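>>> Output the structure for:
(one chain, ligands or ions: 2)
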Amino acid sequence: MKSIQFDYNVPRYVFTKAVGRISNSFYWHTRLSCLRLREIEDMKLPNDEWVKIKVKYGGICGSDLNLILLNDSPKSSPFVSFPFTIGHEAVGEIVEVGKMVFGFEVGDRVVVDPVLSCQARGIKEQCTACKKGHYSLCENKHEGNISPGLLIGTCRDTGGSWGTSFVAHHSQVLKLPNDVSDLNGVLVEPFSCALHAVLQNPPPKNSTVLVVGAGVIGICVVAAIRALGLDCKVVVLVKHPFQQQLAEKYGADEVITLSRTNAYLQQTATALNAKTLNPVFGSPVIHGGADIVYECVGRKKSINDSLQFTKSGGKVVLLGLASFIDGIDWTTVWLNELSIKGSFAYGTVNQEGEQLRTLQLAINLMQSGKVDLSSLITHRFPLEDYRKALETATSKSKGSTMKVVLEP
Ligand SMILES: [Zn+2]
Ligand SMILES: [Zn+2]
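Ligands and ions are numbered 1, 2, ... in the order given. The predicted structure is shown next:
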């Protein structure tokens, strides 16, 4: 089978990191890069509790780009095993079923919760986090009967969605109803990240929310707030003009486009009913702001904007994948007693007394017509054209890019 693998070794890492400063394309064009398209043996079911899934679409996530552009902090490296096939966003069809798997058949259209927590790892005594259904916080991400890996797509034993097929434990697999399209299916995972962030940190009634960033995750946060029927004003700060329409389409009340000048500060302050004050020097100081800010970029500017646009006592939720960042102004955090909360992946949610996987809630919302994310898929590429796919995914404004998917 074909697979796009990430294989780390020190010389390759150092070389690509050095030349990558010249152009991103070095990360996938040189022979010494950590990324390659390989012919590998089919993934084997680790045991009878697993299934094999043939991939229809595999999404390119911001975290995959961070990995390829070598932006990840070494702190996440104990939770991967090399070489691995990239890709944790997937929709596909079951092609093999282990003997101890019940309720799934060959031919079922499915999506996958990629988190490799206690149950998938064959750990009998589940950790405290898993017992509570907080699978993304599992304490055993590097234990059990499979190699380390936070997710399918970071573990050498499972494969990933940037390959012809991969394997998943039956507990991770969810059936996709006929009336949910494959294009929505491949977005169940990113949409679940947004649902998780919103449900863990719900905007209070009649509050004002700011979403910083309108890539797929930012738009999914807006869509999640609306699909869940939460009563709040949603303001979105976007970078690219093409993102404005999408933010509006998915339910933003006001959309502000970033500007090189301070004009956007004034516009955002007005939208949030905040004041701008003049400091002794530098850009205006924002006084007041949103009750809750969802930071969906993970860069210096977006984090600084999130911190300055949160009102006293408010909360900033970090969905963007920040690692090492210099130049963050923390003043407002203590001055305004802000809460900062991280958000990673998903687990389970309680809906009307029933505990279900966040991904199942995403599917239910899609099936009931409360959300249709298919228009976020702007590009599709065969696996062989992965370099073109990565060029497209990393130059958003050029192709008005939102979600790029591979078709292995
Ligand atoms: Zn992702
Ligand atoms: Zn666990």
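
>>> This protein against ligand 2: which residues are in contact?
Taking Cβ under 5 Å from the ion as the contact definition, the chain meets ligand 2 at 117, 118, 127, 130, 138, 140. C-beta here means a position set from N, CA and C on the backbone, and glycine is covered the same way.

>>> most surrounded residue in the residues you listed?
residue 117 (28 neighbours; other Cβ atoms under 10 Å).

>>> which element follows the lowest-mean-pLDDT helix or strand in the chain toward the C-terminus?
Scoring the helices and strands of the chain by mean pLDDT, DSSP states H and E places helix 10-20 at the bottom, with a mean of 69. Counting by DSSP states H and E, the next helix or strand C-terminal to helix 10-20 is helix 26-29.

>>> what's the helix or strand for the residue nearest to residue 332 when sequence neighbours are not counted?
Closest residue in space to residue 332, ignoring its immediate chain neighbours: residue 307 at 4.9 Å, by Cβ to Cβ, 6 or more residues apart in numbering. Assessed by DSSP H and E, residue 307 sits inside helix 300-308.

>>> Buried residues of that helix, list them for me.
302, 303, 304, 305, 306, 307, 308 (16 or more other Cβ atoms under 10 Å).

>>> Now the element after that helix, going C-ward?
Remark: after helix 300-308, the chain's next helix or strand is strand 310-318, criterion DSSP H and E.

>>> from the chain's centre, how far out does the helix or strand that comes right after that next one sit?
Later in the chain than strand 310-318, the nearest helix or strand by DSSP H and E is helix 331-335. Offset of helix 331-335 from its chain centre (Cα atoms, centre = their mean, to the nearest Å): 28 Å.

>>> The helix or strand that helix 331-335 is followed by: partners in the sheet, and parallel or antiparallel?
Next helix or strand after helix 331-335 toward the C-terminus (DSSP H and E): strand 339-342. Taking DSSP bridges as the criterion, strand 339-342 forms sheet pairs with strand 310-318 (parallel).

>>> Now the partner strand: average pLDDT?
Regarding strand 310-318, the rounded mean pLDDT is 98.

>>> buried residues in it?
310, 311, 314, 315, 316, 317, 318.

>>> Stretch 278-286 too?
residue 286.

>>> Span of it from start to end?
Start-to-end span of stretch 278-286 (Cα to Cα, to the nearest Å) is 9 Å.

>>> was I right about the residue nearest to residue 332 contacting residue 328?
Yes. Residue 307 lies in contact with residue 328 (Cβ atoms under 8 Å); the separation is 7.4 Å.

>>> ok, residues contacting stretch 360-376?
For stretch 360-376, the external contacting residues (Cβ atoms under 8 Å, 6 or more residues apart in numbering) are 111, 174, 176-177, 179-181, 183-184, 187-188, 191-192, 195, 216, 219-220, 223-224, 226-228, 246, 249, 349, 351, 402-403.

>>> Correct me if wrong, but residue 235 is in a helix.
No. Counting by DSSP: H, G, I helix; E, B strand; the rest coil, residue 235 is located in no helix; its state is strand.

>>> Can you show me the strands along the stretch 1-150 of the chain?
For the stretch 1-150 of the chain, applying DSSP state E, counting those that start in this stretch gives strands covering 2-6, 35-39, 50-59, 84-85, 90-97, 109-112.

>>> give me every residue that touches whichever residue of the stretch 51-200 of the chain sits closest to ligand 1.
Using Cβ to the ion, the single residue of the stretch 51-200 of the chain nearest to ligand 1 is residue 61, 3.1 Å away. Counting by Cβ under 8 Å, 6+ apart, residue 61 touches 88, 89, 189, 190.

>>> if I look at residue 179, how far off is residue 369?
9 Å (Cβ to Cβ, to the nearest Å).

>>> Need the overlap of contacts for those two.
Joint contacts of residue 179 and residue 369 (Cβ under 8 Å, 6+ apart) do not exist.

>>> ok, for residue 220, nearest residue in space, not its chain neighbours?
That would be residue 194: by Cβ to Cβ, 6+ apart, it lies 3.6 Å from residue 220.

>>> Which one of the residues in the stretch 301-408 of the chain is closest to ligand 2?
The minimum distance from the stretch 301-408 of the chain to ligand 2, using Cβ to the ion, falls at residue 347 (10.2 Å).

>>> Pretty sure that residue sits against residue 136.
Yes. Between residue 347 and residue 136 there is a contact under Cβ under 8 Å: 5.5 Å.

>>> Compare these two (neighbour count), which wins?
Higher neighbour count among residue 347 and residue 136: residue 347, with 25 against 20, using other Cβ under 10 Å.

>>> Could I get the phi/psi values of that one?
phi -150, psi -110 (degrees, to the nearest 10).

>>> State the pLDDT value of it.
pLDDT, residue 347: 97.
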